[in-house]
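K.L.:
I need the structure of the sequence given here:
(chains A and B)
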2 protein chains.
Amino acid sequence: MTNHGGDIYGFMVKRGLDQGSVIDFSASVNPLGTSGNVVREIKKNIKNIVHYPDIHATRLTDKVAVALGVKAKSIVCGNGSTELIYLIPRLMGFRRVLIPQPTFSDYERACRIACPECTITDYMLELRKNFDIEPGDILGKILNTKPDAVFLCNPNNPTGRLIKREALLDIAAQTKKQRIYLVVDESFIDFCPGESVAGNVQKNPYLIVLRSMTKFYALAGLRLGYGIFPLNIAGMLKELKEPWSVNTLAQIAGMAALGEDIYNERTIKIINKQKKALEKGLQRLGIDYIPSHANYYLLHTPKAGKIAEGLAQRGIVVRGCSNFKGLDHRYLRIAVKSQKENELLLKHMEECIE
Amino acid sequence: MTNHGGDIYGFMVKRGLDQGSVIDFSASVNPLGTSGNVVREIKKNIKNIVHYPDIHATRLTDKVAVALGVKAKSIVCGNGSTELIYLIPRLMGFRRVLIPQPTFSDYERACRIACPECTITDYMLELRKNFDIEPGDILGKILNTKPDAVFLCNPNNPTGRLIKREALLDIAAQTKKQRIYLVVDESFIDFCPGESVAGNVQKNPYLIVLRSMTKFYALAGLRLGYGIFPLNIAGMLKELKEPWSVNTLAQIAGMAALGEDIYNERTIKIINKQKKALEKGLQRLGIDYIPSHANYYLLHTPKAGKIAEGLAQRGIVVRGCSNFKGLDHRYLRIAVKSQKENELLLKHMEECIE
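P.N.:
Numbers count the residues shown, from 1 in each chain, chains lettered A, B, ... in the order given. Below you'll find the model as predicted:
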């Protein structure tokens, strides 16, 4: 079992707290919460949990396809994007993989579980470059190591750094030429409008794009993700996949969420506003952070341990980052939450470092 | 993708129907529907889907452990028992497997996906014996073929036949002696009170018991199952498992369902009453059925195709069984539903065969 943020249940048990008294900055979920319309649709469909889920998630898949302007046949829905992260290396049998670090730890775990003798090369990102992935650098590393696949999280978790669309398409063109699979995890891309490369999968048989609906749409507990795959891979994945992995309420919630234009706009607006305020607050406290394109910040401070422990005592959970490759006990990740919660976080942080 | 019952979505699309106008006899789910208390708990907890699920399903696991009188550490919860059916052969690397047929097709699919070179031996059950598994026969087959594992569905799907507890424990004692894993899928055992062997796992390091909460508790759309494993296997399964596979609402529903004593009693009573009425009706129509210990019947009639098509035209789905090994187009499986629905089924069946 890997270590992740969002384990508020473990936190609650350890600290003897109940859920109402915990503020979770460790999982990066939309602070608006699940949209009212999505909640209504879930409630309306509880009666349908007596039936098995649509095994093909047909209506959801069709709706995603229309929203992205891609073929429905290229889409596979999953029990969170996590299910797909684990299925891909099992299907593809990758034996050499390149992964920029620090990043979401499950790419490496999934590759190792699928193929224990897999050679995984870390491409270490550097603090002095804000952990940015520079296209020239990673292409050099790719040409050097000749992997079967590269996993890129964009924007990257936990750094929040984005490879701009045009630069990523340049990388994808090169990996295509080399017949190297490029798996782009766009779990947080909804926070970066216009930056997705999902529409490019149909032109590139070596490009796979994963999307999550759990963060932007605040559906973490229901589990919902999908991938856009070259058609041959999508077909084989469906042959490999377990039946009924995406539950009925997740399918319903996903369909409702895809129509949420006003919620989307409000989210982007609020997140951007709160990010400015949080940055100002962190600057005031003298806490270094990596400028972020997503709804979370990677903090870098020698007081990280003190802050995390102090906050925990106050019922606030942040994500310690010492189990990310390339990071250590000096790093924390915090989500961007509501104004009230962010202010509370800054206030308590200040007390912790006094 | 395998073929299953309960694909009402595919049926609806094919027939141009909506959900309200379809009666589903193809999935064997409790006709009482999800219990009111469980629905209330789900509604109350929709707000919590913004959080990731408890990755360890700790509270649910503890509650299952208490209910079964087993160690919490021996339990692994799954996204339906299906997740566990697929995880077990991946973990154990079975290369020789014995499976009685006809049975649930995913044991074979899971073994083949986990290990394409796996040798799967079918132990063909016979209509003239009501498809019963006779302990002497299967033990002979086990000694002959020396498999790594045997999968037994008890009561068996789609036949509804039960191996009584004492006989199953005799088989388990023999497989233990031979160091052969016995995987008992008790997905429908709640319909057979007192027959589970879940409590015997702790005394038998070669016994694995799978349980489903989707049928008896009518949670098919939410997905929830669990397994009781020898401790070493439970530990390794957790290392192999994907994070967050069991969604928050499934965990909540499972916890609420485990306290439903009145619902349980009512279910057993209603199912038994309706089974008697259904049997009488089938006898009246001259349709042969296999006497069932579960909440479904395997029908055997040369008119099966005509009945299934006629019912489909009337918006009623039954499970054609020609894709079960050892069965053919003369077999249908029907669920035991409410009195009203069962009477409707019998009435329409009568029209179909006139």
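
K.L.:
can you pull out the helices in chain A?
P.N.:
Ranges of helices within chain A are A:8-15, A:36-44, A:58-68, A:81-92, A:106-114, A:135-145, A:165-177, A:231-240, A:248-258, A:261-285, A:304-313, A:339-353, based on DSSP state H.

K.L.:
Those helices: lowest mean pLDDT?
P.N.:
The minimum mean pLDDT among the helices of chain A belongs to helix A:8-15 (a mean of 83).

K.L.:
May I see the buried residues of that helix?
P.N.:
A:8-9, A:11-12 (16 or more other CB atoms under 10 Å in any protein chain shown). Every residue, glycine included, has its C-beta placed from N, CA and C.

K.L.:
got it, and stretch A:257-271?
P.N.:
Those would be A:257-258, A:260, A:263-264, A:267-268, A:270-271, for stretch A:257-271 by 16+ other CB under 10 Å.

K.L.:
Reformat the helices of chain A into CSV and put distance to chain B next to each item.
P.N.:
Listed next are the helices of chain A as CSV, based on distance: least, CB to the nearest CB, whole Å:
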stretch, distance to chain B
helix A:8-15, 4
helix A:36-44, 6
helix A:58-68, 6
helix A:81-92, 5
helix A:106-114, 6
helix A:135-145, 27
helix A:165-177, 26
helix A:231-240, 6
helix A:248-258, 3
helix A:261-285, 13
helix A:304-313, 17
helix A:339-353, 12
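
K.L.:
before we move on, back to that, widest-spaced pair of the buried residues of helix A:8-15?
P.N.:
Pairwise distances across the buried residues of helix A:8-15 peak at 7.1 Å for A:9 and A:11 (criterion: CB to CB).

K.L.:
ok, residues contacting stretch A:35-47?
P.N.:
A:217-219, A:222, A:248-249, A:252-253, A:255-257, A:259-260, A:263, B:33-34, B:39, B:42-43, B:46-47, B:49 (CB atoms under 8 Å, 6 or more residues apart in numbering or on different chains).

K.L.:
swap the cut-off to 6 Å and go again
P.N.:
Stretch A:35-47 has contacts (CB atoms under 6 Å, 6 or more residues apart in numbering or on different chains) with A:249, A:252-253, A:256-257, A:260, A:263, B:39, B:42, B:46.

K.L.:
for these, which one is nearest residue A:312?
P.N.:
Closest to residue A:312, out of all of the contacts of stretch A:35-47 and judged by CB to CB, is residue B:46, at 27.4 Å.

K.L.:
For that closest one, give its distance to residue A:44.
P.N.:
11 Å (CB to CB, to the nearest Å).

K.L.:
who has more neighbours, the two?
P.N.:
Remark: of residue B:46 and residue A:44, residue B:46 carries more neighbours, 22 against 11, as counted by other CB atoms under 10 Å in any protein chain shown.

K.L.:
Give me the most central residue, chain A.
P.N.:
Residue closest to the mean C-alpha point of chain A, counted by CA atoms, centre = their mean, is residue A:187 at 3.6 Å.

K.L.:
Chain neighbours aside, what residue packs nearest to that one?
P.N.:
residue A:212 (3.8 Å; CB to CB, 6 or more residues apart in numbering or on different chains).

K.L.:
Report the contact partners of that neighbour.
P.N.:
Taking CB under 6 Å, 6+ apart, we find residue A:212 in contact with A:81, A:187, A:225.

K.L.:
partners of it in the sheet?
P.N.:
residue A:225 (DSSP bridges).

K.L.:
Other residues contacting stretch A:76-86?
P.N.:
With CB under 6 Å, 6+ apart as the test, stretch A:76-86 has contacts from A:57, A:60, A:106, A:110, A:187, A:210, A:212, A:223, A:225-227, A:234, A:237, A:245-246, B:79, B:242, B:244.

K.L.:
quick one on the thing from earlier: distance to residue B:146 for the contacts of stretch A:35-47 - can I get that in TSV?
P.N.:
Putting the contacts of stretch A:35-47 into TSV (distance: CB to CB, whole Å) gives the following:
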residue	distance to residue B:146
A:249	45
A:252	48
A:253	48
A:256	53
A:257	52
A:260	58
A:263	60
B:39	48
B:42	47
B:46	51
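
K.L.:
which pair in the residues you listed spans the largest distance?
P.N.:
A:263 and B:39 (26.1 Å).

K.L.:
one step back: which of the buried residues of helix A:8-15 lies closest to residue B:28?
P.N.:
Among the buried residues of helix A:8-15, and counting by CB to CB, the member closest to residue B:28 is residue A:9, at 32.8 Å.

K.L.:
Count the neighbours of the nearest residue in space to the closest one that is not next to it in sequence for me.
P.N.:
Using CB to CB, 6+ apart and skipping residues adjacent in sequence, the residue nearest residue A:9 is residue B:54, 3.8 Å away. Neighbour count for residue B:54, taken as other CB under 10 Å: 23.

K.L.:
how much space between residue B:54 and residue A:187?
P.N.:
Distance of residue B:54 to residue A:187, given as CB to CB: 20 Å.

K.L.:
Thank you kindly, that will do.
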